[in-house]
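S.K.: Let's see this in three dimensions:
(4 chains)
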Protein chains: 2
Amino acid sequence: MPVTQKQIAQKLNVSVMTVSKALKGHPDISAKMRERVEKTAAEMNYTVNVQARNLAQKRTQTIGVVFPDISEPFYAEILRGIESVCRKQYYNILLADSDNDPRLEEKALQTLTEKRVDGLIIAPTEKDQEYIAWLSRLTIPYILINCYSARLACDSIYVDRGYGAFLSVTHLLKKGCQEVYFFYTFPHMEQSQASIQGCIKAFEELKKPRSHLHLIECPQRDLELFYLMTKEQLHFTGRKIGLFIWDDEMAIGCCRAIHELHLSIPDQVAIIGFDDIKITPYLHPALTTIHYPKVEMGQSSAQRLIHRLTHPDDESVQKTALSLQLVEREST
Amino acid sequence: MPVTQKQIAQKLNVSVMTVSKALKGHPDISAKMRERVEKTAAEMNYTVNVQARNLAQKRTQTIGVVFPDISEPFYAEILRGIESVCRKQYYNILLADSDNDPRLEEKALQTLTEKRVDGLIIAPTEKDQEYIAWLSRLTIPYILINCYSARLACDSIYVDRGYGAFLSVTHLLKKGCQEVYFFYTFPHMEQSQASIQGCIKAFEELKKPRSHLHLIECPQRDLELFYLMTKEQLHFTGRKIGLFIWDDEMAIGCCRAIHELHLSIPDQVAIIGFDDIKITPYLHPALTTIHYPKVEMGQSSAQRLIHRLTHPDDESVQKTALSLQLVEREST
DNA sequence: CTGGTTAAAGTTAACGTTAAAGTAAAGAGG
DNA sequence: CCTCTTTACTTTAACGTTAACTTTAACCAG
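M.R.: Alright, predicted model coming up:
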């Protein structure tokens, strides 16, 4: 069993309060006494019991982060952004993985609430009515990231995926692609629908026939699935093909399929991803992609949340869109 | 402020204890009363304060996990293994990232200790004398993974990287490579030294001249660095080159360099990675690698730790080596 | 030497929950 | 009808820490 302040106090024949005050450098305590306490605490291998402290102080100095899948390099980079801000402001992070499952996400939110985190940063998996109702039941400040919903009146930080799609498809068309395929997933998310609209808008602005835009819905975000769907759906007829893929990781699977179909990148097939994860410049061919400001998104969300925590009276709702940029590499 | 049992009790005009017992289905409480309490709790949006409960129960039902870098797909897969076991046994996970920095690792251990996790699973960054001393000060059960040290008398689960290196280099030599390069990092780790010995052993067994084995030490585990080092160190003289790279992710950087040097894989350069992360089959060319039992490592460590927690009297020390396997793909 | 200030402790109660022991009323057995 | 058990709840105390208040003794100006 871990050592407590009480045990230190008994050993030194002082009160528990003296120990508590000494350990946090309270001016009530004389230098001599403080040193004695510190020395004994070190000898006895004392560490505070954060849970007891939190209970007494009625705050945890911790924020909860809920991601669909931490193992995606994409979320890992957002997390770095959050972490760097939290570290400076002495906040701890409690991370929960929803595994892309709305039910697990609710459970994660439940768990974090029970641990009494001071606030939440959530990258939601889904946003149906029920989920929104659940969110509104939260009594602590929270911020949604990587998600946009007009229906939700809460702080959120997102990118305009529709605009990203527009950029991508415009780029593909300008590169001479005559058939454009958009491989997407999460069909129920507003962002997916916005992406589709972005693709269509690009076709309209460049006055290309809509029939050359192929929208391919992948039921799951899975490497093998994107690989198989590409192999199945792609038909090369001599007309240059443009591929816009939901994200960079899935694009790796699609590239594989293109190679196995013996099509050349970027001559016969141009391909563009989304996110700009770290390995994209090293892939063969290096992947053209839409740069997603991941670290910035993490930092902004943490800053905003901490602001909310330290200014509970500020009730304004802030929706921030971060900007996207096309990064041209070898695959287009 | 969150609702407490006290507030529920007041509303129902019963004692706090009745509420507490009712909420956990204690047989002392009548069905009627339990339903009333449950209903009111739901209405008032009550959630337990886990910290208070942990304090009272003197255990957290939580294990701490310390990884050098969660964003590596490698650790993400180990984590999945840990998670699946913990979920079944009703343990929570508290994750900490040491960012490959021994000082941050100590801090992470400190934080987890303060949060009073019941036990720890640690993938250590470094293992100098000071670190070992620090570990021995821990008063809770812990398990080291992905690390082997003869000097440490504690539970550990690891793979024999030396044997992996032996497998790899033997494979490269049998594929006709005449010059073999081993790109490695973390030179102070016992595993790195073991790998070097494994390479040498392969050369000896196949009676190849040691001078054709090139050991390249990369000061950091970084994609750009491995890419640059490959470009700088590789000299193709017509003799087939074999590359054995510290891990799959770094191998992606090396592949990039090989392409830029206009060398063909696997004809002029064969390359083999380590870990078998998810994307390797989809890379172009698909990467030959050593399969690392990541999920199994996670599961075993969690099982072992939970065993230690539930059988505090069992003082045996268990060192488990998991087996490695070569997965041949297109790059060799 | 008095009254007031200050330094350096100590006391009390609280945070939200639970374990353990206690109690009152109802039901059972002889 | 009296004891004995059982049911259903209540009381008390504890977990480890801290906030807020109180005490004690020393110090110092007038």
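S.K.: can you map out the strands along chain A?
M.R.: Taking DSSP state E as the criterion, chain A carries its strands at A:62-67, A:92-97, A:119-122, A:142-145, A:156-159, A:179-184, A:213-217, A:241-245, A:269-272, A:289-291, A:319-322, A:325-327.
S.K.: For the second one, name the packing helices and strands.
M.R.: Contact analysis of strand A:92-97 by 3 or more CB pairs under 8 Å, 6 or more residues apart in numbering or on different chains; DSSP states H and E lists strand A:62-67, helix A:73-88, helix A:102-114 as its packing neighbours. Where you see a C-beta, it was placed from the backbone N, CA and C, and this is true even at glycine.
S.K.: repeat for the fourth one
M.R.: Counting contacts by 3+ CB pairs under 8 Å, 6+ apart, strand A:142-145 is packed against strand A:119-122, strand A:156-159, helix A:294-310.
S.K.: what does the last one give?
M.R.: Judged by 3+ CB pairs under 8 Å, 6+ apart, strand A:325-327 is in contact with helix A:161-174, strand A:289-291.
S.K.: Check which helices and strands the longest one is in contact with.
M.R.: Meaning helix A:161-174. Under the contact definition 3+ CB pairs under 8 Å, 6+ apart, helix A:161-174 sits against strand A:179-184, helix A:190-205, strand A:241-245, strand A:269-272, strand A:289-291, strand A:325-327.
S.K.: interface residues of the stretch 1-150 of chain A facing chain B?
M.R.: A:1-2, A:45, A:47-52, A:54-55, A:58, A:60, A:70-71, A:73, A:76-77, A:79-80, A:83, A:92, A:94-95, A:97, A:110-111, A:113-116, A:137, A:139 (CB under 8 Å from any CB of the partner chain).
S.K.: try 7 Å
M.R.: Residues of the stretch 1-150 of chain A lying near chain B by CB under 7 Å from any CB of the partner chain: A:2, A:45, A:47-52, A:54-55, A:70-71, A:73, A:76, A:95, A:110, A:113-116, A:137, A:139.
S.K.: Quick check: A:Pro73 vs A:Asp247, distance?
M.R.: In this structure, A:Pro73 lies at 10 Å from A:Asp247, with CB to CB, to the nearest Å as the measure.
S.K.: ok, back up a step: is it possible to export the helices and strands packed on strand A:142-145 to JSON lines including mean neighbour count and distance to DNA strand C?
M.R.: Compiled in JSON lines, these are given as follows (neighbours: other CB atoms under 10 Å in any protein chain shown; distance: least, CB to the nearest atom of the strand, whole Å):
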{"stretch": "strand A:119-122", "mean neighbour count": "25", "distance to DNA strand C": "17"}
{"stretch": "strand A:156-159", "mean neighbour count": "23", "distance to DNA strand C": "29"}
{"stretch": "helix A:294-310", "mean neighbour count": "20", "distance to DNA strand C": "17"}
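S.K.: Format the strands of chain A as CSV; extra columns: mean pLDDT.
M.R.: What follows is those, written out as CSV (pLDDT from 0 to 100):
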stretch, mean pLDDT
strand A:62-67, 94
strand A:92-97, 90
strand A:119-122, 95
strand A:142-145, 94
strand A:156-159, 95
strand A:179-184, 97
strand A:213-217, 97
strand A:241-245, 98
strand A:269-272, 98
strand A:289-291, 98
strand A:319-322, 95
strand A:325-327, 98
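S.K.: Out of those strands, flag the one nearest A:Glu224.
M.R.: With CB to CB, the closest approach to A:Glu224 among the strands of chain A belongs to strand A:179-184: 13.4 Å.
S.K.: and the closest residue to DNA strand C within the stretch 201-332 of chain A, how many residues sit next to it?
M.R.: Using CB to the nearest atom of the strand, A:Pro312 is the residue of the stretch 201-332 of chain A that sits closest to DNA strand C, at 16.4 Å. Number of residues near A:Pro312 (other CB atoms under 10 Å in any protein chain shown) recorded here: 8.
S.K.: What is the neighbour count of the residue lying closest to it once chain neighbours are set aside?
M.R.: Distances taken as CB to CB, 6 or more residues apart in numbering or on different chains place A:Pro141 nearest to A:Pro312, at 7.9 Å, with adjacent residues excluded. Residue crowding around A:Pro141 was assessed by other CB under 10 Å; the count is 20.
S.K.: Test my guess that A:Pro141 contacts A:Gly119.
M.R.: Yes - using CB atoms under 7 Å as the test, A:Pro141 is close enough to A:Gly119 to be in contact (4.4 Å).
S.K.: Quickly list what's touching both of the two.
M.R.: Counting by CB atoms under 7 Å, 6 or more residues apart in numbering or on different chains, the shared contacts of A:Pro141 and A:Gly119 are A:305, A:308-309.
S.K.: Looking at the residues you listed, spot the one nearest DNA strand D.
M.R.: Ranked by distance to DNA strand D (CB to the nearest atom of the strand), the shared contacts of A:Pro141 and A:Gly119 are led by A:Leu309 at 16.7 Å.
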